[in-house]
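# coords below, sequence missing:
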């Protein structure tokens, strides 16, 4: 099964659009977990196990594993396998480099780690994206509009032809890459911009970070992902507010509780008439 | 010593501006080298040893090490140490993510690997760069204009205010980050654009890839890096044409030969009157 099929299967099974981001910070480990790679392994495996009934996809963040050195990369490999027994996995790495280097990043993500999907940065242009999109096994989320204030510095700049840069990028990549194996990353703090990307790409998956600690509006963001038929076609990522829901020994239980509440909200968006 | 001091020391010692890029591709290992991480280690250590009299900095490319898995990351750590006995090291990774993630990438590069410098992608805006630039120990090369055709897709777009995007980025970052611990990556295939960046940032180091297999003009590129006083303030990266100078057992010797010729060309640029 490819990423889209696995994702659709998980969405149907769990009635959810929740992506759990796995950004393990040694300095935030809860009570009973040692701040070491061994402790982080225990922590993340418990989080994944507890959130399996609510999540539809997991998104480990490469930076947090590299910052733990060799043991971190070893753990990342084990974690991808563990998550995949439950749901598909997006490697969040925001790769962006020229062709022969991009090919090596694709090899790392899709062949070494065996992730189902990854994230990339389009700033080097379409030829830097080809090696990812040409891989028939993998799915690629391209940065559309990010959730941080700095999105205004480049992504929201107005071009001489009056287009906003990120919609120019959207139209360009739509015309160059008609294949179905890619979608967009779009920050929940930017609902108008999610709608703009949706009108450029009417049926692609949108990966939406920025709910949670960054305070994006879940309902507005999820509604903005609806495709041409009105179906929700987005996944909402939450990382820190799930992982660090409690600093006590009940961290896994509390993480599941936060996920349960998020999924409840998602179901209300899906059935606004109160079904 | 910080990166700039180490670099200046190497430049003075070797009378060169050569950065040797370390992009080890298992499928291109020469005769006598097994296509395994152990073989790559032997290959790269021989390359570094043979090119020490010509290079002033080494630039390992993260992608090629990650594509070898755990053994690749272990080798990268050993390689950084080995290079640093000779010259400073730039980790080429083109990181770009929001603040708390960027901080982890900085930790990986500067604390785990102990690289002297790294490369970053500015597409997420100034707040995504702060964690790198705030690290007093590290030096950061920000993507200015890249050497590939895709540079036209985003970086060279004309804004409504008539600025080209990459010069807008240049001016923005100059105004936000007055510190001396960062410079630009600018492709050798884009000499006019190197000049444009130089006029925005009159005294910052420019890291110039794209000579070699990408056919950029070494002399034109190096001349375009001259600072306000007329002094060359750039380093020219060459990767594949050094690493794979020969597919025979003489690969290290031939790599040194290619470097020697490149350095000769650089010296002629420095002293055009034939001193």
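On my side now, so go ahead. If you're wondering where the values come from, they're calculated on a predicted model, not measured in any experiment. Numbers count the residues shown, from 1 in each chain, chains lettered A, B, ... in the order given.
# residue contacts, the closest residue to residue A:165 other than its chain neighbours?
Nearest residue to residue A:165, sequence neighbours excluded (C-beta to C-beta, 6 or more residues apart in numbering or on different chains): residue A:157, at 4.8 Å. Yep, even glycine has a C-beta here, placed from its N, CA and C like the rest. Shown in contact with residue A:157 (C-beta atoms under 8 Å, 6 or more residues apart in numbering or on different chains): A:164, A:165, B:159, B:160, B:165, B:168.
# Could you turn the buried ones of those residues into a ChimeraX selection?
What follows is the ChimeraX syntax selecting those of the contacts of residue A:157 that are buried according to 16 or more other C-beta atoms under 10 Å in any protein chain shown:
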select /A:164,165 /B:165,168
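# Can you tell me which of the contacts of residue A:157 end up in helices?
Among those, the members falling in helices (DSSP state H) are A:165, B:165, B:168.
# The longest helix along chain A packs against which elements?
In chain A, with assignment by DSSP H, the single longest helix is helix A:251-270. Helix A:251-270 makes packing contacts with strand A:18-22, helix A:37-51, helix A:218-224, strand A:234-238, helix A:240-243 when contacts are defined by 3 or more C-beta pairs under 8 Å, 6 or more residues apart in numbering or on different chains; DSSP states H and E.
# Go again with 7 Å.
strand A:18-22, helix A:37-51, helix A:218-224, helix A:240-243 (3 or more C-beta pairs under 7 Å, 6 or more residues apart in numbering or on different chains; DSSP states H and E).
# helices or strands up against the longest one?
Other helices and strands packing on helix A:37-51, by 3+ C-beta pairs under 7 Å, 6+ apart, are helix A:69-84, helix A:251-270.
# Repeat the analysis, applying 10 Å as the threshold.
strand A:18-22, strand A:55-60, helix A:62-66, helix A:69-84, helix A:240-243, helix A:251-270 (3 or more C-beta pairs under 10 Å, 6 or more residues apart in numbering or on different chains; DSSP states H and E).
# what do you get for the third one?
Packing contacts for helix A:218-224, counted by 3+ C-beta pairs under 10 Å, 6+ apart, involve helix A:191-200, strand A:206-208, strand A:234-238, helix A:251-270.
# for chain A, which spans come out with low pLDDT?
Filtered on pLDDT under 70, chain A yields the residue ranges A:272-275.
# And the strands in the stretch 101-250 of chain A?
With strands called from DSSP state E, counting those that start in this stretch, the stretch 101-250 of chain A shows them at A:117-120, A:139-145, A:182-186, A:206-208, A:234-238.
# check contacts around the residue lying closest to residue A:206 once chain neighbours are set aside.
Leaving out its chain neighbours, the residue that sits closest to residue A:206 by C-beta to C-beta, 6+ apart is residue A:234, at 4.0 Å. Residue A:234 makes contacts with A:17, A:19, A:183-184, A:186, A:188, A:194, A:198, A:204-208, A:221-227, as judged by C-beta atoms under 10 Å, 6 or more residues apart in numbering or on different chains.
# one step back: need the winner for burial among the helices and strands packed on helix A:251-270.
Sort the helices and strands packed on helix A:251-270 by mean neighbour count, taking mean count of other C-beta atoms under 10 Å in any protein chain shown, and strand A:18-22 sits at the top with a mean of 25.
# beta partners for residue A:21?
Residue A:21 has the following beta-bridge partners by DSSP bridges: residue A:59.
# quick one: it from residue B:235, how far?
Distance of residue A:21 to residue B:235, computed by C-beta to C-beta, to the nearest Å: 37 Å.
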